[in-house]
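Chemist: Quick one, structure for this:
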Amino acid sequence: MSADLEVDSKDVIKLLMQFCEENGLGKTYEALQEESGVTLNTVESVDGFQADIKNGRWDTVLKAVSSMVLPSEKLCDLYEQILVEMAEVGEMDVARQILRETDVLRHMSETQHERHARLENLCNKTFFEIRDAYPNGANKEKRRAYLATQLSTEITVAPKSRLLTLLSHALKYQRQAGTLPDTARYDLFRGIVHVHSEIHETHPTAEARSIKFSANVTPECAAFSPDGFFFGTGSLDGFIEIWDIETGKLRTDLSYQKAGKLMMHDTCVLCLNFSADGNMLLSGCQNGVIRVWKVSTGVCLRKFERAHSKGVTSVKFTRDGSQVLSTSFDGTAKVHGLKSGKVGMKEFRGHTSYVNSAYQNESSTYLYTSSADGTVRIWDFRSLSLLSTISPPSSHSLSDPPAYFDVISIPHTEFVLLCSRNPFIEIFDTTIGKVVKTIRSGKSSGGDFVAVAVSPKGEWIYCVGEDKLLYCFHYAKEELSHTMKVSDKDIIGLTHHPLRNCIATWGMDSFVRLWTP
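Modeler: Residues are numbered from 1 along each chain as shown. Model (predicted):
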């Protein structure tokens, strides 16, 4: 097994220094060099650098070494050679300026008196004598060659724009791995994909596209990632698939899906939920198992083997992302340790029938559980104590109360929706602990709701009924604005895209359908 690739922090600083140098950020470059003690000393080509020295292109050489940190002796050799060549062509004023204003040559007067005196004598002569400039049989060409060799040992080669090149390669790899689409705009600093967000919310009016499953396979659950980048489904056959909602086709930019190696359970997948960053996916199945997946690779990161004794009806990450919250047909809601893998760190017991969903408030102090026993229960999340029980005003003549199937928050408000098998939904004020509004479909029978979703800004509430209709309620106006038929067979669920005016419905007709204005 190969060792983990380690990146030296000094290399990171060098990348930043090169970026600063190439983009004219001189002060930033100097600050990085001074505080870190890291030197760049890079050129595009060693051969080119040596050729500049050998051909006496001193303006180019000095520009290259201006940001380098070189041994003082080698700097002395360089500036001495430039001084000598200025004297050779009669530029005595320039030669004297180099001698008197260059730090390294001024320092020479204190440490190498004879050498400095020879150079000063050379600058004061009215004529150039080659034996004074190049003692011991040397000449200009030999000195240049010597300098080229000596200075080349202090430099390294680095292509231009190395930082941007590496970032570009990283993004290309992520696209190949399936974590970035080809057309996505990526916020490199925040690490998020820009998905087009609808500014004006409005209800859907038509089917945009559909995803067809096999005739004997029904989609049992579906979910969008919070950034809208992934859309996943879980089905009767145990498979979990990630789809492209623009085409309605399987995402083959995910290499494991392209190879036909899908995420899967041994039994029917009943629920899905993404992490806040969209990198992980939770799934719960009919035999009580919960899995945690890495979406980009399809790898199972964690398996809760006996999370529940019966099927898992809902699953989600807790507010802080450190735990997994689940509900089940076994009548419980549980909290599991994501890192530790511990099952049932907390258990909320008391419902007399299966629990359909759980909602944790913003401050994580309360937990709302909805159940087929016809109640919503409010718990203290820390102490596990039951605080309150809510029962719906039934529209049925049956003795058994209609089941509550979900509790959903309304964005940017203190209200939650209490959703039961009725032709109405209740709006519950969490600050006073009471139902304050009821929104009705207008039907007295045959239209009980089976699933509910809320638009991202909370302007619309969508319900699908047992009559196969989608009901579109305008929240502020408290009115039913639109209805439309979405299937010829029973609907199992619906969900709303987190950024767009797009709704997904799925049901017994083996289709997932996407609806847009």
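
Chemist: where along the stretch 1-150 of the chain do the helices fall?
Modeler: 9-22, 26-36, 46-54, 58-65, 72-88, 92-101, 103-111, 113-124, 130-133, 140-152 (DSSP state H, counting those that start in this stretch).

Chemist: of all those, which lies closest to residue 337?
Modeler: helix 9-22 (32.8 Å; C-beta to C-beta). Glycine gets a C-beta too; all of them are placed from N, C-alpha and C.

Chemist: ok, which stretches of the stretch 301-450 of the chain are strands?
Modeler: With strands called from DSSP state E, counting those that start in this stretch, the stretch 301-450 of the chain shows them at 312-317, 323-328, 333-337, 346-348, 355-360, 366-371, 376-380, 386-390, 404-409, 415-420, 424-429, 434-440, 449-454.

Chemist: JSON lines please, covering those strands and showing distance to residue 60 and mean pLDDT.
Modeler: Listed next are the strands of the stretch 301-450 of the chain as JSON lines, based on distance: least, C-beta to C-beta, whole Å; pLDDT from 0 to 100:
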{"stretch": "strand 312-317", "distance to residue 60": "58", "mean pLDDT": "98"}
{"stretch": "strand 323-328", "distance to residue 60": "61", "mean pLDDT": "98"}
{"stretch": "strand 333-337", "distance to residue 60": "62", "mean pLDDT": "97"}
{"stretch": "strand 346-348", "distance to residue 60": "70", "mean pLDDT": "97"}
{"stretch": "strand 355-360", "distance to residue 60": "65", "mean pLDDT": "96"}
{"stretch": "strand 366-371", "distance to residue 60": "70", "mean pLDDT": "96"}
{"stretch": "strand 376-380", "distance to residue 60": "74", "mean pLDDT": "97"}
{"stretch": "strand 386-390", "distance to residue 60": "77", "mean pLDDT": "95"}
{"stretch": "strand 404-409", "distance to residue 60": "65", "mean pLDDT": "94"}
{"stretch": "strand 415-420", "distance to residue 60": "70", "mean pLDDT": "94"}
{"stretch": "strand 424-429", "distance to residue 60": "74", "mean pLDDT": "93"}
{"stretch": "strand 434-440", "distance to residue 60": "76", "mean pLDDT": "92"}
{"stretch": "strand 449-454", "distance to residue 60": "65", "mean pLDDT": "96"}
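
Chemist: Put together a markdown table for those strands, with distance to residue 158 and mean neighbour count on each row.
Modeler: Shown next, in a markdown table, are the strands of the stretch 301-450 of the chain (distance: least, C-beta to C-beta, whole Å; neighbours: other C-beta atoms under 10 Å):
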| stretch | distance to residue 158 | mean neighbour count |
| --- | --- | --- |
| strand 312-317 | 42 | 25 |
| strand 323-328 | 46 | 25 |
| strand 333-337 | 46 | 23 |
| strand 346-348 | 54 | 17 |
| strand 355-360 | 50 | 24 |
| strand 366-371 | 55 | 24 |
| strand 376-380 | 59 | 21 |
| strand 386-390 | 63 | 14 |
| strand 404-409 | 52 | 22 |
| strand 415-420 | 57 | 24 |
| strand 424-429 | 62 | 20 |
| strand 434-440 | 64 | 14 |
| strand 449-454 | 53 | 22 |
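
Chemist: Tell me how far residue 301 lies from residue 275.
Modeler: The gap separating residue 301 from residue 275 is 11 Å, by C-beta to C-beta, to the nearest Å.

Chemist: Looking at those two, which has the bigger crowd around it?
Modeler: For residue 301 and residue 275, the more surrounded residue by other C-beta atoms under 10 Å is residue 275, and the numbers stand at 19 against 13.

Chemist: what sits against that one?
Modeler: Residues in contact with residue 275, defined by C-beta atoms under 8 Å, 6 or more residues apart in numbering, are 281, 282, 317, 321.

Chemist: Write the ChimeraX selection for whichever of those are buried.
Modeler: Buried members of the contacts of residue 275, defined by 16 or more other C-beta atoms under 10 Å, are picked up in ChimeraX with:
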select :281,282,317
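
Chemist: Which of the contacts of residue 275 sits closest to residue 449?
Modeler: Nearest member of these to residue 449, counting by C-beta to C-beta, is residue 282, at 24.9 Å.

Chemist: So that closest one belongs to a strand, correct?
Modeler: Yes: assessed by DSSP: H, G, I helix; E, B strand; the rest coil, residue 282 belongs to a strand.

Chemist: so how far is residue 411 from the residue nearest to residue 406 when sequence neighbours are not counted?
Modeler: Nearest in space to residue 406, with sequence neighbours left out and distances taken as C-beta to C-beta, 6 or more residues apart in numbering, is residue 419 at 4.2 Å. In this view, residue 419 and residue 411 are 16 Å apart by C-beta to C-beta.

Chemist: now residue 457
Modeler: Per C-beta to C-beta, residue 457 is found 6 Å from residue 411.

Chemist: cool, and residue 488?
Modeler: 32 Å.
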